[in-house]
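K.L.:
Predicted model and sequence follow; I will ask about them next.
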Amino acid sequence: PEEKLNLDDSQWEDIHVVTGALKMFFRELPEPLFPYCFFEQFVEAIKIQDNATRIKSIRSLVNKLPRPNYDTMKILFEHLKKIAAKESVNLMSTQSLGIVFGPTLLRPEKETGNMAVHMLYQNQIVELMLSEYSKIFGS
């Protein structure tokens, strides 16, 4: 049976509870929002020096994702972009959002010794997708 949430409950007034629930949802998925088989490809794409080529490469990968992943990602990043737009109030820049959501949304299937390096790329990928949202998800 579906659980009914009472969003009027005072526990939901703390934005950290909502953010924590959202991050937990994505962490608990059987596979990350960025499927494992795409991890290395996204990492290779973010390493591209030329910005226009890097954006094109990320857009191409995003468009190859399974439809449910793509649709969820588009809505999530659209929402995170709205959060970043209010950075002066909430102190959440695209960089901060990359740090918070990068490791939750994309990670390698096998954890290796490159954890710190991976984390940097995970953050940069989320950050780029937020700052170049219209180029990546636009028609």
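P.N.:
Arrived safely, thanks for sending. Predicted, not measured: the structure shown is a model, and the values here were computed from it.
K.L.:
residues of the helix or strand of the chain with the lowest mean pLDDT that come out buried?
P.N.:
Counting by mean pLDDT, DSSP states H and E, the chain has its least confident helix or strand at helix 15-28, which shows a mean of 86. Neighbour-count burial for helix 15-28 flags residue 22 (criterion: 16 or more other Cβ atoms under 10 Å). Just so you know, the C-beta spots here come from the backbone N, C-alpha and C atoms, and that holds for glycine as well.
K.L.:
which non-adjacent residue is nearest residue 26?
P.N.:
residue 104 (5.0 Å; Cβ to Cβ, 6 or more residues apart in numbering).
K.L.:
Which neighbouring elements make contact with the strand or helix carrying that neighbour?
P.N.:
For residue 104, the host element (DSSP states H and E) is helix 94-105. When contacts are defined as 3 or more Cβ pairs under 8 Å, 6 or more residues apart in numbering; DSSP states H and E, helix 94-105 packs onto helix 15-28, helix 67-85, helix 115-131.
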